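Peer 1: got a predicted model here, sequence first, then my questions.
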Amino acid sequence: MALIVLSLAFIALCQDGDGDDFSPLPMSLQLSTSTPYYLSWGITPDNSTIQFQLTLETWAWVGIGWHAPGSDDSQMTNGDFIIATFDSSFNGKLVSVKDYYNDCTCNQAPTEDVIDNIINFSGVQYLSSTGVQITTVQFSRLAVTNDTAQDNPLIPGEDTQLIWAFGSTSEGNPNVFNYHKDNAGVFNNFNFFSGQTVVSTGVDYTYLKYWHGCVMTIAFGFCMSVGIFLPRYMKSFWWWFPLHIALQISGVILAMTGLVISLIMSNGNHFAYAHCWVGIITLALAFVTPLLGTSAHFTWNPNRKSIPLFPDQIHWWFGRITVLLSWVAIIMGMRLYGIPYEIDVAFGFVLLSYVLTYIWLDIMKIKEIGFRAYLLGTHASHHDFGQDVKALID
């Protein structure tokens, strides 16, 4: 009942300068089911102005957005957003409804438009008769504004991607605009003017993001990182080579799996972020490096006096560069998708431990074989460094 009263009150207020009032909100869409979140909207007869109503069954900031019709943008890239925030003390008062835009190829928080094109708005937070927390906000905006730089138009007959989000309690006060975490999603091929509730719903790829991150972290953070450690320090053990091969093959398979997942998630926008570019370069190296290793294995000569640049040393350096780039890609991916800070710290500690161990063993290796042999890949003249490592372990 309260929602009906609020809607009618807002409709009475929402009239343009010529006196054309809004029709009752005839169309609606449930945006989220886990925490019920609804969008209702209505359009003036001349298709010039759209009235929106957002209703969420919890107290939090709420927002929707969309991309330009016909664009290949996905997620938040070049998105036009309208975000409503409420008082941080949870007194039910609406603080603002503002126009936002994200003009970068990243998932950073959008910034306020230079020109705010929200015509009018109202909103409130309250407890329903059954004790459910309700957030509701109404606002209106021209379908096509004069702000061509930071507003995406809504055009009859043309579909767009609808984006929605609301505040998360795990990121601080949910009434204050902050990262939404998992409280977000999209609807593809959405048309406000079709007369239908939704043309075709999009897929929430949040779970795929986590799978992508998991398989890539295992592939590069474990398999390939440990895989390059074995031939460098463990050659005195007979099992180093089969374990090296097993780890590298597992890493490549997992990396290919992660690539397929990312292609599904990207929805055709494969290179929208710097993380994507670093990842592609890393994957290319990850596929080339085993081929170089295979060539080195079959051309190995036990009587050689030095280690050849090609393919052996290039194989080594490609492997090291692959692992280093993979760490950069993993960290960029964590930042892109807002992974909790604690996981960042834990992963950073693991990398630091690996790097310190690597540096310590390399210093020992230089002391044993000399810097020239270490740098040029020539064999030591007195004894094998691997024997020293084995002695330490034994």
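Peer 2: Sure thing, it's come through.
Peer 1: burial measure for Ser194, as a count.
Peer 2: Per other C-beta atoms under 10 Å, the neighbour tally for Ser194 reads 14. Backbone N, C-alpha and C define where each C-beta goes, glycine included.
Peer 1: and the helices in the chain?
Peer 2: 2-13, 206-216, 225-233, 240-266, 274-298, 314-336, 341-369, 371-376, 385-393 (DSSP state H).
Peer 1: where does the chain dip in pLDDT?
Peer 2: 1-24, 104-108, 195-206, 266-272, 338, 375-394 (pLDDT under 70).
Peer 1: residue nearest the centroid of it?
Peer 2: Tyr337 (3.2 Å; C-alpha atoms, centre = their mean).
Peer 1: these two touch, right, that one and Gly213?
Peer 2: Yes: contact criterion C-beta atoms under 8 Å: Tyr337 and Gly213 qualify, at 7.1 Å.
Peer 1: of all the helices of the chain, which one is nearest Ile118?
Peer 2: Ranking those by proximity to Ile118 (C-beta to C-beta) places helix 2-13 first, at 13.2 Å.
Peer 1: tell me the domain ranges of this protein?
Peer 2: Split into domains by automatic domain parsing, the chain comes to 2-190, 206-393.
Peer 1: please identify the deepest-packed of these.
Peer 2: domain 2-190 (a mean of 18; mean count of other C-beta atoms under 10 Å).
Peer 1: mind checking how far the closest residue to Leu285 other than its chain neighbours is from Phe310?
Peer 2: Once flanking residues are discounted, Leu285 sits nearest to Thr322: 4.2 Å by C-beta to C-beta, 6 or more residues apart in numbering. Distance of Thr322 to Phe310, given as C-beta to C-beta, to the nearest Å: 17 Å.
Peer 1: hang on, the earlier thing: I'd like the helices of the chain as CSV, with distance to Ser28 appended.
Peer 2: Compiled in CSV, those are given as follows (distance: least, C-beta to C-beta, whole Å):
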stretch, distance to Ser28
helix 2-13, 11
helix 206-216, 23
helix 225-233, 50
helix 240-266, 28
helix 274-298, 35
helix 314-336, 32
helix 341-369, 37
helix 371-376, 69
helix 385-393, 66
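Peer 1: out of those helices, flag the one nearest Ile50.
Peer 2: Counting by C-beta to C-beta, Ile50 lies closest to helix 2-13 out of those; the figure is 13.2 Å.
Peer 1: just checking, Gln161 touches Phe187?
Peer 2: Yes: if you go by C-beta under 8 Å, Gln161 and Phe187 touch, sitting 7.1 Å apart.
Peer 1: so who does Ile339 touch?
Peer 2: 213, 333 (C-beta atoms under 8 Å, 6 or more residues apart in numbering).
Peer 1: is it true that Asn175 touches Val62?
Peer 2: No: Asn175 is beyond contact range of Val62, at 10.0 Å (criterion: C-beta under 8 Å).
Peer 1: joint contacts of these two?
Peer 2: With C-beta under 8 Å, 6+ apart as the test, Asn175 and Val62 both reach Gly167.
Peer 1: is it correct that Asp29 is in contact with Tyr37?
Peer 2: Quick fix: residue 29 is Leu, not Asp. No: counting by C-beta under 8 Å, Tyr37 is not a contact partner of Leu29; they are 9.6 Å apart.
Peer 1: ok, the residue nearest to Leu285 to Ile280 distance?
Peer 2: Per C-beta to C-beta, Thr322 is found 12 Å from Ile280.
Peer 1: what's the answer for Trp61, then?
Peer 2: 35 Å.
Peer 1: what do you get for Thr148?
Peer 2: Applying C-beta to C-beta to Thr148 and Ile280 gives a distance of 32 Å.
Peer 1: next one: Ser28
Peer 2: Taking C-beta to C-beta, one finds Ser28 at 41 Å from Ile280.
Peer 1: could you do Ala286 as well?
Peer 2: Distance, Ala286 to Ile280, by C-beta to C-beta: 11 Å.
Peer 1: which stretches in the stretch 51-200 of the chain count as strands?
Peer 2: Ranges of strands within the stretch 51-200 of the chain are 62-66, 80-86, 94-101, 111-112, 118-127, 133-142, 160-166, 184-190, based on DSSP state E, counting those that start in this stretch.
Peer 1: okay if I get those as JSON lines plus distance to Leu254?
Peer 2: As requested, these are exported to JSON lines (distance: least, C-beta to C-beta, whole Å):
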{"stretch": "strand 62-66", "distance to Leu254": "34"}
{"stretch": "strand 80-86", "distance to Leu254": "35"}
{"stretch": "strand 94-101", "distance to Leu254": "37"}
{"stretch": "strand 111-112", "distance to Leu254": "37"}
{"stretch": "strand 118-127", "distance to Leu254": "45"}
{"stretch": "strand 133-142", "distance to Leu254": "41"}
{"stretch": "strand 160-166", "distance to Leu254": "30"}
{"stretch": "strand 184-190", "distance to Leu254": "27"}
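Peer 1: many thanks, have a good one.
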